[in-house]
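In: quick one, what's the 3D model for this:
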Amino acid sequence: MCNYSDFVWNKGKRAGVKKGKAEDLVNLMDSLKLSIEQAMNSLKIPESEWEEYRKLVAELEAHPAG
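Out: Here you go, the predicted structure:
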């Protein structure tokens, strides 16, 4: 049986993976001058997830690290 700490850890892990992909999208867009759609296609992100990644990318661009 799954316990709550496993649930929280897995949820955090998924969020971290999504943030990493969003960072990859920003890097592709910057380095290769791709549109966000081209970058998402390059990473084979399903169209059903595009809106979520658009929001994540917008957050990263509004608050760049470093």
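In: name the helix or strand for residue 41, please.
Out: helix 36-42 (DSSP states H and E).
In: just the buried residues of that helix, please?
Out: 36, 39, 40 (16 or more other Cβ atoms under 10 Å). Placement of C-beta: from N, CA and C, glycine included.
In: pLDDT-wise, which helix or strand of the protein ranks last?
Out: Sorting the helices and strands of the chain by mean pLDDT, DSSP states H and E puts helix 4-32 at the bottom, at a mean of 91.
In: give the buried residues for that helix.
Out: By 16+ other Cβ under 10 Å, the buried positions in helix 4-32 come out as 21, 22, 25, 26, 28, 29.
In: quick one, what contacts the fourth one?
Out: I take that to be residue 26. Shown in contact with residue 26 (Cβ atoms under 8 Å, 6 or more residues apart in numbering): 57, 60, 61.
In: can you put those residues in TSV and add secondary structure, neighbour count and pLDDT?
Out: Below are the contacts of residue 26 laid out as TSV (DSSP: H, G, I helix; E, B strand; the rest coil; neighbours: other Cβ atoms under 10 Å; pLDDT from 0 to 100):
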residue	secondary structure	neighbour count	pLDDT
57	helix	19	97
60	helix	15	93
61	helix	12	92
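In: of the residues you listed, which is the nearest to residue 16?
Out: Closest approach to residue 16 among the contacts of residue 26 (Cβ to Cβ): residue 60, at 13.6 Å.
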